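K.L.:
Quick one: sequence plus predicted model below, questions after.
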2 protein chains.
Amino acid sequence: MKRIAILGSTGSIGRSTLSVTEAYPDRFEIIALAAGSNVDAAFEQARRWRPSVISIAAEKDADLLRSRLRKEGVAAIEVVHGPSGAVRVATHPEVDFVVSAIVGVAGLEATYEAVRAGKVVGLANKESLVAAGELITAEARKQAKPLLPIDSEHNAVHQCLRGGRIDEVERIWLTASGGPFLNTAAAKFPEITVEQALNHPTWKMGRRITIDSATLMNKGFEVIEACRLFNLPPARVEVIVHPQSTIHSMVEFVDGSILAQFSVTDMRLPILYALTYPERIQSDMRFPVGDLRHLDFCPPDLKKFPCLRLAYEAAEAGGAKTVALNAADEVAVAAFLEGSIRFDEIPRLIEDVLTETNSGKLESIAQVLEADAQARRLAQQQVTHVKKFQQGRATSFV
Amino acid sequence: MKRIAILGSTGSIGRSTLSVTEAYPDRFEIIALAAGSNVDAAFEQARRWRPSVISIAAEKDADLLRSRLRKEGVAAIEVVHGPSGAVRVATHPEVDFVVSAIVGVAGLEATYEAVRAGKVVGLANKESLVAAGELITAEARKQAKPLLPIDSEHNAVHQCLRGGRIDEVERIWLTASGGPFLNTAAAKFPEITVEQALNHPTWKMGRRITIDSATLMNKGFEVIEACRLFNLPPARVEVIVHPQSTIHSMVEFVDGSILAQFSVTDMRLPILYALTYPERIQSDMRFPVGDLRHLDFCPPDLKKFPCLRLAYEAAEAGGAKTVALNAADEVAVAAFLEGSIRFDEIPRLIEDVLTETNSGKLESIAQVLEADAQARRLAQQQVTHVKKFQQGRATSFV
C-alpha cells in the first residue's frame, strides 16, 4: 500500500491523481491533501477520501472547512492552512509519496520540504524545476530518492532513459506541438488575439500554460526542467516540433539508438507511471497503435518564437535568470490576457526583465522567492510602461 | 576485453561484426571465426584478425586454407572444417560472446552448442528461433545467459523492453516496410517479376530475404522469432506497416505506454548494441533526428500477403510447423527466383506443405533437421508438380 499526499488536490493534476488512486484501492491510500481556495471541493475530497490531514490556502476557509466536517461527523480530519499547512501535508510522517501539483511558486516550499523529508516526489509543479531546480534536485540526490516527473514530456524521457544509463545519453529530444501559430507568419504575430492564442490544437489546459504553448515558452520551461531533472546541459536538450503530440519525447543514446515514448494524451498515464514506478500496472488507457497513420515533425523556428531562445539562454545562466524567466512570463501572459500588451510583446517584455536581472546562484527557497518577487516587480513596471506608451502613441513600446 | 567468436564471418553480418570490433580494439578480441565457402575471404580474415581457430565449410578448403596460412607464416591458427568445425568455434573455451550469423539451418547446431556451452549469443541466424526457437530459448534460460537479437526489429524490441518487465508487456509491435508491393493490387500479384520482387524499398539484403520481405514472410518469421525470444504468444506480437522503416519496432506496456526505437538503418548498430550490452558505447551512427519529417503507418493486409497469416498459424502450432514454414519458404523462393513458380504461388506452395506437416514437438536439433529435410522434400515435390502442370497446361497448379 503506497501512502499518498497531494499538494494541489483540487487542481487538474490533483483531481486526476485522485481518479487514478481511486481505480486501484488496494494499492494507494490518501493520507494528506493540500487544496487551494475552493472550500466546497476541499470539503468533498475530505469527506470522500478521509485523509488524516487536509490543508487549505486561507485561514478563514480552514475554519469553515473544519466546522463543515464536524457537522458531517468527520471531525477526525486535521484541518490546517497556508504555506505551513501545505508543508505539514508534504512532510506528513505516514506519507511515502508526494504529488507536487500546486500551481506557481506557492508550491515551491512544500515541494522542497517533501524532498528534504525523504519522500518520493511526483513533480507536476513547474516552478520546482524552472525556478528552484538546482536546489531541489541537489536535495533529492542527497536523499537518494527519485524525483518522478508528472508531465507527458519528462515522463516520456524518464521512461526512455530506462533504455540506458544517464551517462550514455547523447541528447534528449522534447517534442512540441508547435501551438496554434506554427504555420502563422511572424509578421501576423502582432495581430494575434487572446481567443486565437487560447485555442491549443492538442491539449486542453489552463489559460497561462495555453498561452505559454502558443509562444513556445512552455517548451522553453520544459527544456530547463529537463536540464535540471536529468542533469544535462542545455546543449543536450533539443526541441522538435511534432504537431500531433503523439510522441511525447525521445532520448538519443551515444550508440545512435533513439527511444521514443507515446501514449494517449491523458495526464492520468504519467501520474500512474510515477505512482507505481518502478512497476507498471494495467490501465484502460490504450493508445490504438493499429490506427497510427501519420506522424509529422519539423524543427522549431527560434526567430518566430523568441521565448524558446530566451529559455535556452536562461537555462545556460541558471539561478536567478530562470526564476526571472518564469516570473516575467507569468506577468507578461497575464498582461496579454487582459489586453495590456500584444502577443509579440510577450517575449520582448521577458527579454527586458532578463537583461535587468543579475545572474546569481540561489542558495535557498527564500532567495528564490525573493528573486521571483523582484522579477515580477520589473515585469509589472514594463507592463505599466507599455500601457502608458499605448495611451500616448497607440503603438508598441519597442 | 570481450572475446568474440563469429559463426558466418564471411557473410554480411559477419563482416559487419568485424568492422564493429575493429573500431573498438580495446574492447573486443576475435578468438574464433567460422567462414563459409569463400577461401579467399577466410584467408584474409585469418591473416588480419589472427584468431586462435578458423573453420571453413569444406574439408578440401580447410587444407587449402591451412597451406596458404603456412606459406604466409601464420601457422599458429588452428584450421578446422564442417559442422564440427563450426561447433569448435562456437564452444571455444576462450570465447565469451558468439555472433550466430550462419545463414540457414546450417547454423543451428553450432548456435545451440554455443548456448549449451554457456556463451552469450548474439543471434542473427533466423532458423535458430524460427525452426529451433523452443529448444534454444529453453537452453538459454537453463544457462541463465542472454540471447541478444542482432536484427533491427528484435534488437529494437530488446531495447524498448528495458522500459519495463516482460510481464508488464501488453504486446509487441513489429514494424514492416511493407515491401515493394505494398500498394500493388492483389490481382496483379501473378504478374510480379523476379526483378520487381528483388527491388526492396529500404534495405539492401540477400536475394531470399528480399523476396521474403516482398511476400511479408520475413515479417512472419520475425513474429515467430519474437514469440520465442520474448516468450510471448502470437496474439501478443502484432505487425504494423511503416514504409520508411525508421521506427524499427515498439513495445506496448500494460499501463498504456508505448516505447519505440529508431536509428539509422545500419546493421552495425544492433551488432554494437548486442556486443556491448548492457552498456552502450559511443558510435558514429547518428540518426539526424532534427531532419525527421514524416512517419507513415498502416495495418498489414493479410489477405494480400497470406505468408504473414501462415506464419501466425505456424507460430501458434509451433514445433514441426515452424520448421516446415521456413523450409517450404526457402524452396518456394528458390523456385520463384529460377522462374519455376509465380510470386502468388509462393504462399500456396507453403500452405500445402504446412497442411501435410504433422504438428509435433521437436526434442533435439537432430529432430529439427529431420523435420526440415522432410518439409524440403514435400516442397520440392510441389515445385516439380507445378513445373509438370505448367508444361502441360501453361497455367498455375492451383
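P.N.:
Yep, that arrived. Residues are numbered from 1 along each chain as shown, chains lettered A, B, ... in the order given.

K.L.:
what's next to stretch A:190-198, contact-wise?
P.N.:
Residues from elsewhere that reach stretch A:190-198, judged by C-beta atoms under 8 Å, 6 or more residues apart in numbering or on different chains: A:180-181, A:184, A:207, A:210-211, A:214, A:336-337, A:339, A:342-344, A:396. Where C-beta positions appear, they are placed from N, C-alpha and C, glycine not excepted.

K.L.:
mind listing which of the residues you listed are in strands?
P.N.:
Using DSSP state E, no member of the contacts of stretch A:190-198 falls in strands.

K.L.:
List buried residues within those residues.
P.N.:
Among the contacts of stretch A:190-198, those buried by neighbour count (16 or more other C-beta atoms under 10 Å in any protein chain shown) are A:P180, A:F181, A:T184, A:T210, A:I211, A:A214, A:F336, A:L337, A:R342, A:F343, A:D344.

K.L.:
Distance check, the last one against chain B.
P.N.:
As for A:D344, its distance to chain B is 26 Å (criterion: C-beta to the nearest C-beta, to the nearest Å).

K.L.:
Pretty sure that residue sits against A:A185.
P.N.:
No. Judged on C-beta atoms under 8 Å, A:D344 makes no contact with A:A185 at a distance of 11.8 Å.

K.L.:
and the longest helix along chain A, which residues are buried?
P.N.:
Assignment by DSSP state H gives helix A:365-393 as the longest helix of chain A. Judged by neighbour count using 16+ other C-beta under 10 Å, the buried positions of helix A:365-393 are A:365, A:367-369, A:371-372, A:374-376, A:378-380, A:382-383, A:386.

K.L.:
Likewise for stretch A:297-311?
P.N.:
Counting neighbours by 16+ other C-beta under 10 Å, one finds that the buried residues in stretch A:297-311 are A:F297, A:C298, A:P300, A:K304, A:F305, A:P306, A:C307, A:L308, A:R309, A:L310, A:A311.

K.L.:
The buried residues of helix A:365-393: which ones sit near chain B?
P.N.:
For chain B, no contacts are drawn from the buried residues of helix A:365-393 by C-beta under 8 Å from any C-beta of the partner chain.

K.L.:
Which two of the residues you listed have the greatest separation?
P.N.:
The most widely separated members of those, counting by C-beta to C-beta, are A:I365 and A:V386 (31.3 Å).

K.L.:
Low-confidence ranges, chain A, go.
P.N.:
Regions of chain A meeting the criterion pLDDT under 70 cover residues A:201-204, A:392-398.

K.L.:
The longest helix of chain A packs against which elements?
P.N.:
In terms of contacts (3 or more C-beta pairs under 8 Å, 6 or more residues apart in numbering or on different chains; DSSP states H and E), helix A:365-393 is packed against helix A:108-116, helix A:320-337, helix A:345-356.

K.L.:
Same list, those, but as a markdown table with distance to B:D352 please.
P.N.:
A markdown table is the format used below for those (distance: least, C-beta to C-beta, whole Å):
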| stretch | distance to B:D352 |
| --- | --- |
| helix A:108-116 | 67 |
| helix A:320-337 | 69 |
| helix A:345-356 | 69 |
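
K.L.:
Could I get the full set of strands for chain A?
P.N.:
In chain A, the segments counted as strands under DSSP E are A:2-7, A:28-34, A:53-56, A:78-81, A:97-100, A:120-123, A:147-149, A:169-176, A:237-241, A:247-253, A:258-262, A:294-296.

K.L.:
and the third one, which strands flank it?
P.N.:
What it means is strand A:53-56. If you go by DSSP bridges, strand A:53-56 pairs up with strand A:28-34 (parallel), strand A:78-81 (parallel).

K.L.:
neighbours around A:N183, how many?
P.N.:
8 (other C-beta atoms under 10 Å in any protein chain shown).

K.L.:
For it, give its distance to A:D301.
P.N.:
A:N183 sits 10 Å away from A:D301, going by C-beta to C-beta, to the nearest Å.

K.L.:
OK, contacts around A:P83?
P.N.:
A:A106, A:E109, A:A110.

K.L.:
can I assume the second one is in contact with A:R88?
P.N.:
Looking back up the chat, that one is A:E109. No. Counting by C-beta under 8 Å, A:E109 does not reach A:R88; the two are 11.5 Å apart.

K.L.:
ok so, going back, return the member of the contacts of stretch A:190-198 nearest to B:K145.
P.N.:
Using C-beta to C-beta, A:T210 is the member of the contacts of stretch A:190-198 that lies nearest B:K145, at 52.5 Å.
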